[in-house]
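Student: Just to be clear, the model below is a prediction. Sequence and coordinates:
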Amino acid sequence: MTGSPLTTVALGEEPAGALGVLPAGPGVGQLLGPDERNLVIGRASNLRRWAASHLGMGPPPKKGARPRTDLRGIAKAVRFAPTASEFGQRLRYERLLADYVPLAKRRDLKRPAFLHIAPGERFPRVLVRDAGPDAAHLYGPFRDRGAAGRARDLVHKRFPLRPCDYLFEPAPDLALGLGCVYAQVRTCAAPCLSRVSEDAYRELAGAAARFLESPGGRADELPPWIARLGDARGLVAERTKQGWELFAIREGRVVDDTTSSDEGLAEAVGRLDWTRESGADDLAWVSAWLHAPKRKGAWLAADAAPADLANRVRAAFER
């Protein structure tokens, strides 16, 4: 999965000759120092030019600009992997970088936020949460807690679930409910005041959960990738010069990938295995990719037969 292993090329005394092995195309590169210590990892549109620029062999900097650090004195080898798609390049880059930089120290990535509806509660609420246990009842991912909070407010407008965290025994004259502004303006179903039965309230919470977990059953209030994390299956597709690259995503992790010609797209979709396990923590960067204003790949919910998914992939790139 995710392509062939990275190729390592020793730089030797004359790096220029070694760099001729690198492709003049997109990919992921890494410069290694003594004892194979990491010096720099990068995504490049031209791997050969990227490596040369870090080894003092690139074009001179623009007037007034700081020159790039010359690593020629300590760099011993370069590792690289060519890539065919933007998403595939991001995947190789993030998996490689994770071996050296833990997510907690990444300033360019933030943990996404989710909405949580706990069916085990007597009167379920919609809460903003980070990823963690009980993934079966997390809905997202949202860029951050602020975005998740705005989505929670949207859900409350459609489904008058209670926003409070009080414990109560329903009663029409309950002081807690009579003094609540949400109950007074009727934006809450007010189970505390027995305006709705416990069963009816739980049906309301169930409808909210179905709204969040079913992209095909929603209007455009929320992005189409918002779904239930616990078993959410997505397909990322991207056109390449050779045809297509396809990536199977489950619970925010890339679990399988394949390539395809245009004629064999349906067969390639059928080869993807969403049941595979992945030890990688892709959730943060996949969420960042989903929320990016400009991206080449398309995301689709993997909730149809391969032939139907293949048709939806083609349709996504015909818009």
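Tutor: Ah, there it is. Numbering: from 1, shown residues only.

Student: Distance of the residue minimising distance to the centre of the chain relative to residue 311?
Tutor: Taking Cα atoms, centre = their mean, the centroid of the chain lies closest to residue 286, which sits 2.0 Å from it. Spatial separation of residue 286 from residue 311 under the definition Cβ to Cβ, to the nearest Å is 24 Å. (Each C-beta comes from the backbone N, C-alpha and C, glycine too.)

Student: what secondary structure does the residue nearest to the centre of the chain sit in?
Tutor: Classification of residue 286 into helix, strand or coil gives helix, according to DSSP: H, G, I helix; E, B strand; the rest coil.

Student: Leaving out chain neighbours, which residue sits closest to it?
Tutor: Closest residue in space to residue 286, ignoring its immediate chain neighbours: residue 252 at 5.3 Å, by Cβ to Cβ, 6 or more residues apart in numbering.

Student: who's in contact with that neighbour?
Tutor: Contact analysis of residue 252 by Cβ atoms under 8 Å, 6 or more residues apart in numbering lists 112, 131, 141, 229, 232, 282, 283, 286, 287.

Student: could you flag which of these are buried?
Tutor: By the neighbour-count criterion of 16 or more other Cβ atoms under 10 Å, these include these buried positions: 112, 131, 141, 229, 232, 282, 283, 286, 287.

Student: confidence score at the first one?
Tutor: Per-residue pLDDT puts residue 112 at 93.

Student: so it makes contact with residue 283?
Tutor: Yes. Contact between residue 112 and residue 283 holds when scored by Cβ atoms under 8 Å: they sit 6.5 Å apart.

Student: who touches both of these two?
Tutor: Taking Cβ under 8 Å, 6+ apart as the contact rule, residue 112 and residue 283 both touch 131, 141, 252.

Student: all helices of this protein, in order?
Tutor: With DSSP state H as the criterion, the chain has helices at 15-19, 47-54, 86-97, 145-158, 175-178, 181-184, 198-213, 265-271, 283-291, 306-316.

Student: Same list (those) but as CSV, adding mean pLDDT.
Tutor: CSV is the format used below for those (pLDDT from 0 to 100):
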stretch, mean pLDDT
helix 15-19, 85
helix 47-54, 94
helix 86-97, 96
helix 145-158, 94
helix 175-178, 91
helix 181-184, 93
helix 198-213, 93
helix 265-271, 96
helix 283-291, 93
helix 306-316, 94
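
Student: coming back round to it: in a markdown table: the contacts of residue 252, plus distance to residue 50.
Tutor: Shown next, in a markdown table, are the contacts of residue 252 (distance: Cβ to Cβ, whole Å):
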| residue | distance to residue 50 |
| --- | --- |
| 112 | 29 |
| 131 | 33 |
| 141 | 30 |
| 229 | 35 |
| 232 | 35 |
| 282 | 24 |
| 283 | 28 |
| 286 | 24 |
| 287 | 26 |
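
Student: Name the nearest of the residues you listed relative to residue 19.
Tutor: Ranking those by separation from residue 19, with Cβ to Cβ as the measure, puts residue 282 on top at 30.8 Å.

Student: shouldn't the closest one be in contact with residue 94?
Tutor: Yes. With contact defined as Cβ under 8 Å, residue 282 and residue 94 form a contacting pair (6.8 Å).

Student: And the strands in the chain, which stretches?
Tutor: If you assign secondary structure with DSSP state E, the strands in the chain sit at 7-10, 27-32, 38-44, 77-82, 113-117, 126-130, 138-142, 227-228, 233-239, 244-250, 253-260, 298-301.

Student: Show me what counts as buried in stretch 274-281.
Tutor: Of the residues in stretch 274-281, 274, 278, 281 count as buried by neighbour count, 16+ other Cβ under 10 Å.

Student: Where is pLDDT lowest across the shared contacts of residue 112 and residue 283?
Tutor: Lowest pLDDT among those: residue 131, with 85.
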